[in-house]
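Visitor: turn this into a structure:
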Amino acid sequence: MKYFLLLSIKMYWLIIPASKRRKCIFKKSCSKYVYEATTNNGIISGLKAFKYRFENCRSGTHFIENPTTGNRQIILPNNQILDENEISERFITKHNIN
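Guide: Predicted coordinates for the structure are as follows:
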């Protein structure tokens, strides 16, 4: 099962050009995150990583600037807060958080 998931991700990387893939809000792409979790920690960890990213990517996110620290952050649908070091530069630039 682990190897099926890893093979599926590799096929996705080969078949779908990077320019056509959905852009991730996270600094590390969702497919890379799931691939690494599966490779390093097994299929259960990989599936949990997939579920987490699927549930928290894009829909329902809110970009904010923390008034106390001045850091740019994203509030995910599960109410987790990500600091700018975890957010894709492209999304920070796109949303022009200052």
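
Visitor: where are the low-confidence patches of this protein?
Guide: Scanning the chain for pLDDT under 70 picks out 58, 95-98.

Visitor: most distant residue from the centre of it?
Guide: The C-alpha centroid of the chain is most remote from Thr68, which lies 25.6 Å away (CA atoms, centre = their mean).

Visitor: how much space between that residue and Phe26?
Guide: In this view, Thr68 and Phe26 are 24 Å apart by CB to CB, to the nearest Å. (Glycine included, C-beta is placed from N, CA and C.)

Visitor: please enumerate the helices of the chain.
Guide: 2-15, 30-41, 43-56, 89-95 (DSSP state H).

Visitor: ok, which of those comes nearest Ile81?
Guide: Ile81 sits nearest to helix 43-56 of all those, at 11.5 Å, using CB to CB.

Visitor: by contact count, what packs against the closest one?
Guide: helix 2-15, helix 30-41 (3 or more CB pairs under 8 Å, 6 or more residues apart in numbering; DSSP states H and E).

Visitor: export those helices as a markdown table, with columns for distance to Asn85 and mean neighbour count.
Guide: Shown next, in a markdown table, are the helices and strands packed on helix 43-56 (distance: least, CB to CB, whole Å; neighbours: other CB atoms under 10 Å):
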| stretch | distance to Asn85 | mean neighbour count |
| --- | --- | --- |
| helix 2-15 | 24 | 12 |
| helix 30-41 | 15 | 18 |
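
Visitor: need those in a markdown table (columns: distance to Leu76).
Guide: Shown next, in a markdown table, are those (distance: least, CB to CB, whole Å):
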| stretch | distance to Leu76 |
| --- | --- |
| helix 2-15 | 22 |
| helix 30-41 | 13 |
